[in-house]
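Undergrad: give me a 3D structure for the following:
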Amino acid sequence: MFMNSKEVPELFYVTDKRDESGQKIGMFGGGELGWHSNGNSRHKIDKILISLYCVEGDPNTTLSICNTSDPFYDLSEEDQEYFLNLTVRLKFKNNTMYNLDDDDPELDFMSKNKGSIRPLVGKHPHTDKYYFYFPYHFICRAWEGKSRIDHNELIERLKPIIFKSKYQTHHIFQKGDMILMDQLTSLHRRTPVMGDRMLWRAAGDYSKI
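TA: Just a heads-up that it's a prediction; the model follows:
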């Protein structure tokens, strides 16, 4: 794929840099990125651990990470039971999390995924802790049990519950920095990139740290 290293295909470039012909060599390079995690529109997500290594930083760009497990445990038992009974459908849509031109190869790549249906609240396979699966830009339908509910109302109800400052941390990458992020119990977002920022991203499971 165009965004993978030719020498080490497991590495994914997060950059807006171009090759000699002006073609993109990476993804998620320039603009602002809304809240998301790895594989939000894929049916199966087995690589739940992401590493980001900074080759070249940008002092104007901030990465924000939000814990999506702690908010669940701060709820009343009644609210916990309600959210445990909800299911959501997720599908990538342009100009929500990310804005892409019609001829952008990233748009073609992102649009190929058919989407997924998942419980709103999942249980982590290694810790058994509950977490909200809430990349809300991707949520296009929701159900309580078998009954359809208004997904937009659900999104607006959850935003102030999940995106509190106490659940978030922020980082400005400098050369040599590396961050590991669990993609089930967190969401992340990024302010626009101003310079020639380059991150190496690798995805894996916990047996391959």
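
Undergrad: quick one: contacts of the helix or strand of the chain with the lowest mean pLDDT?
TA: The helix or strand of the chain with the lowest confidence, counting by mean pLDDT, DSSP states H and E, is helix 105-111 at a mean of 72. Here helix 105-111 makes contact (C-beta atoms under 8 Å, 6 or more residues apart in numbering) with 1-3, 23-24, 27-28, 41, 92, 94, 98, 100-101. (Each C-beta comes from the backbone N, C-alpha and C, glycine too.)

Undergrad: and whichever helix or strand comes after that helix, which residues are buried?
TA: For helix 105-111, the following helix or strand on the C-terminal side (DSSP states H and E) is strand 116-119. Using 16 or more other C-beta atoms under 10 Å as the test for burial, strand 116-119 gives Ser116, Arg118.

Undergrad: any idea how far Cys66 is from Ser76?
TA: Distance, Ser76 to Cys66, by C-beta to C-beta, to the nearest Å: 21 Å.

Undergrad: between these two, which has more neighbouring residues?
TA: Neighbour totals were compared for Ser76 and Cys66, and Cys66 leads with 22 against 8 (other C-beta atoms under 10 Å).

Undergrad: lowest-confidence entry in the contacts of helix 105-111?
TA: pLDDT is lowest at Ser41 among the contacts of helix 105-111; the value there is 65.

Undergrad: for the most centrally placed residue in the chain, which non-adjacent residue is spatially closest?
TA: Nearest to the geometric centre of the chain sits Ser37, at 1.7 Å (C-alpha atoms, centre = their mean). Closest residue to Ser37 apart from its sequence neighbours, by C-beta to C-beta, 6 or more residues apart in numbering: Gln183 at 4.3 Å.

Undergrad: number of residues surrounding Met194?
TA: Count around Met194 with other C-beta under 10 Å applied: 11.

Undergrad: remind me which helix or strand it belongs to.
TA: Per DSSP H and E, there is no helix or strand for Met194.

Undergrad: what is the helix or strand containing Lys159 packed up against?
TA: Assessed by DSSP H and E, Lys159 sits inside helix 151-162. The contact analysis (3 or more C-beta pairs under 8 Å, 6 or more residues apart in numbering; DSSP states H and E) places helix 151-162 against strand 86-90, strand 139-144.

Undergrad: out of the ones you listed, which one sits most buried?
TA: Most buried of these, by mean neighbour count (mean count of other C-beta atoms under 10 Å): strand 86-90, with a mean of 20.

Undergrad: next, the angle from that strand to strand 139-144.
TA: Strand 86-90 runs at 160 degrees relative to strand 139-144, counting by axes from the mean of the first three to the mean of the last three C-alpha atoms, to 10 degrees.
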